[in-house]
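In: only geometry, no sequence info:
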């Protein structure tokens, strides 16, 4: 029985140790759309209050993964958009009263403590980066025209950025 409890506990701990580098679910993660056989739009939406550079890095990481899984080695960012999605919600005011009673002889003595919490607005910011990439088998001599931008080595990015964000698997589509 103890062995089964340990196995279940280990499985639950493993499930909790997730990375934000996952396919888009619940408004977080990556998404990619093919625009042509060698051009893709890659979006990464971070968690609320992530730093924008993390969303940008993970958009590059996904771009590298798409490039490699499609049989290419290099990509160029032809368009980049960085957004910050802002959401807010109201937390209502609360009042909590706690009473402690004590019986002494024929008397009951009570002491009440009331705690107040004011209403407040919580604002959260969610960074998102969208990249349009052009993929290449060979390193372009100079990225110009419709593929103007910095040339990235997808394999290099995958091996450098992957471990930084807890991605230890080979690229997959």
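Out: Okay, I see it. What you are looking at is a predicted structure, and each value in this text was computed from that prediction instead of being measured.
In: which residues sit against the helix or strand encompassing residue 160?
Out: Here residue 160, judged by DSSP states H and E, is contained in helix 154-164. Outside of helix 154-164, the residues within contact range by Cβ atoms under 8 Å, 6 or more residues apart in numbering are 57-58, 60-61, 63-65, 67-68, 72-75, 167-168, 171. Just so you know, the C-beta spots here come from the backbone N, C-alpha and C atoms, and that holds for glycine as well.
In: who are the neighbours in contact with the residue lying farthest from the centre of the chain?
Out: Relative to the centre of the chain, the most outlying C-alpha is that of residue 106, 61.8 Å out, by Cα atoms, centre = their mean. By Cβ under 8 Å, 6+ apart, residue 106 lies in contact with nothing.
In: Kindly report the same for residue 87.
Out: 48, 123, 124, 126.
In: Now do the third one against residue 165, distance only.
Out: Distance of residue 124 to residue 165, given as Cβ to Cβ, to the nearest Å: 21 Å.
In: on that earlier part again, kindly reformat the contacts of residue 87 as a markdown table containing distance to residue 149 and secondary structure.
Out: As requested, those are exported to a markdown table (distance: Cβ to Cβ, whole Å; DSSP: H, G, I helix; E, B strand; the rest coil):
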| residue | distance to residue 149 | secondary structure |
| --- | --- | --- |
| 48 | 29 | coil |
| 123 | 33 | strand |
| 124 | 31 | strand |
| 126 | 25 | strand |
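In: which stretches of this structure have low pLDDT?
Out: The chain contains residues with pLDDT under 70 at 1-19, 142-148, 173.
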